[in-house]
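Asks: got a predicted structure here, sequence first:
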Amino acid sequence: MKTFSLLSLNFAARNIKSQITDKAKELGFVKTGFAKFEILEKESLNMRKWLDEGMQADMGWIEKGFDKRKNIRLILPDAKSVISLAYNYYTPFEHDESKPKISRYAWGNDYHKILKPKLKELTKTLESFSPAGEITGVYYVDYGPVMDKAWAVKAGVGWMGKHTNIINPEYGSWIFLCEIISNLEFDEYDSPLEDMCGSCSLCISACPTGAITDEYVVDANKCISYHTIENRAEIPESINLDGWIFGCDVCQDVCPYNSPKYNHVTEDKNFYPSASTLPLIKGEYPQGEGVKQLEEITEADFNTLFADSPVKRTKFSGWKRNLEKS
């Protein structure tokens, strides 16, 4: 497939990068960055070491997509650039620390369903700059064989925190990452941000299970999020869920860049707790009509309550197991 540069497309009167950024903002993305294609040599070496040490637990799909993660031209053969995007999901609610807890990102609707149509529209906008079809794009939101965090760093969306989440200086780490791989070569690209974690190690010391085994390294075998979401087997006795029944926010909650002075409340109400799940988030479990106490939730209740939520990923069996373990 032939590739095209910005100038060869003869759009002298247009600034494609600027228009894509504007369109992304219109769609609700809070940050857009552009990175030039390269093979992720350093990042793949780090991932290879992580995999060889078994830190992926039983998430075999990470290994299967290794080559594509290293070289996105195995996804789009004439890839020239990656557009990295961030979407804010922070909402003005807090956990009741004395009650079972659900990770903040799962309080509202499933982000895949919300963000995929937006990415599709943005990709169509990109492709529309070449009516003859020379420009193509492939988009992902946390489900393709792409190192989304690595590309977010390269595109200047944020830096990699020691907890391995991307931190943006304005929005903290309460962001979903997406990317569009394109065969369009832009005239300029964004630069990585400075790593502002410095000597801070709050996320490492706060992790209830010691899953952050070193700076920028998380062992899934010890991670509460892994065990409450991905793990389909029994949770080891050595793992204390610390009250979490889906995911875990501890390493993000203690991060100085997630303090109230930095956090911006999302404008997308899709990520607010629904009327039926808000009592669960706030730790209010009324008897009788409405939301039942957690231990009384049946499989039918679970399927209804979390029909549009990421929580359904753990399945009812995982929900019951997590409750018993927490």
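Replies: Yes, it's here. Numbers count the residues shown, from 1 in each chain.
Asks: can we go C-alpha only for contacts and neighbour counts from here?
Replies: Noted.
Asks: where do the strands sit along the stretch 51-200 of the chain?
Replies: 81-88, 101-102, 137-140, 159-160, 166-167, 175-182, 184-185 (DSSP state E, counting those that start in this stretch).
Asks: residue 219 and residue 209, how far apart?
Replies: Distance of residue 219 to residue 209, computed by CA to CA, to the nearest Å: 10 Å.
Asks: how about the strands of the stretch 51-200 of the chain in a markdown table, adding mean pLDDT, distance to residue 317 and mean neighbour count?
Replies: Conversion of the strands of the stretch 51-200 of the chain to a markdown table gives the following (pLDDT from 0 to 100; distance: least, CA to CA, whole Å; neighbours: other CA atoms under 10 Å):
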| stretch | mean pLDDT | distance to residue 317 | mean neighbour count |
| --- | --- | --- | --- |
| strand 81-88 | 98 | 31 | 26 |
| strand 101-102 | 92 | 16 | 22 |
| strand 137-140 | 98 | 29 | 20 |
| strand 159-160 | 98 | 34 | 24 |
| strand 166-167 | 98 | 31 | 26 |
| strand 175-182 | 98 | 27 | 24 |
| strand 184-185 | 93 | 46 | 22 |
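Asks: could those be laid out in JSON lines, adding distance to residue 149?
Replies: As requested, the strands of the stretch 51-200 of the chain are exported to JSON lines (distance: least, CA to CA, whole Å):
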{"stretch": "strand 81-88", "distance to residue 149": "9"}
{"stretch": "strand 101-102", "distance to residue 149": "23"}
{"stretch": "strand 137-140", "distance to residue 149": "12"}
{"stretch": "strand 159-160", "distance to residue 149": "7"}
{"stretch": "strand 166-167", "distance to residue 149": "6"}
{"stretch": "strand 175-182", "distance to residue 149": "7"}
{"stretch": "strand 184-185", "distance to residue 149": "21"}
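Asks: wait, residue 230 sits on residue 314?
Replies: Yes - using CA atoms under 8 Å, residue 230 is in contact with residue 314, at 7.0 Å.
Asks: C-alpha coordinates for the lengthiest helix in the chain, CSV please?
Replies: Determined from DSSP state H, the single longest helix within the chain is helix 111-128. Output of helix 111-128 as CSV, limited to C-alpha atoms (Å, rounded to 0.1, in the frame of the first residue of the first chain):
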residue,chain,number,x,y,z
TYR,A,111,-16.0,2.6,28.3
HIS,A,112,-15.5,0.3,25.2
LYS,A,113,-19.1,1.0,24.1
ILE,A,114,-18.7,4.7,24.7
LEU,A,115,-15.3,5.3,23.1
LYS,A,116,-15.4,3.0,20.1
PRO,A,117,-18.0,5.0,18.2
LYS,A,118,-16.0,8.2,18.9
LEU,A,119,-12.8,6.6,17.6
LYS,A,120,-14.6,5.4,14.6
GLU,A,121,-15.9,8.9,13.8
LEU,A,122,-12.4,10.4,14.4
THR,A,123,-10.8,7.8,12.1
LYS,A,124,-13.4,8.6,9.4
THR,A,125,-12.5,12.3,9.8
LEU,A,126,-8.8,11.5,9.3
GLU,A,127,-9.5,9.4,6.2
SER,A,128,-11.8,12.1,4.8
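Asks: okay, domains of this structure per the record?
Replies: The chain resolves into domains spanning 4-93+104-185, 202-264+271-325 when parsed by automatic domain parsing.
Asks: just the terminal-to-terminal distance for the last one.
Replies: This means domain 202-264+271-325. Start-to-end, domain 202-264+271-325 (CA to CA) is 26 Å.
Asks: who's in contact with the residue nearest to residue 88 when sequence neighbours are not counted?
Replies: Closest residue to residue 88 apart from its sequence neighbours, by CA to CA, 6 or more residues apart in numbering: residue 175 at 4.5 Å. Counting by CA atoms under 8 Å, 6 or more residues apart in numbering, residue 175 touches 86, 87, 88, 89, 90.
Asks: low-confidence ranges in the protein?
Replies: 1-14, 282-292 (pLDDT under 70).
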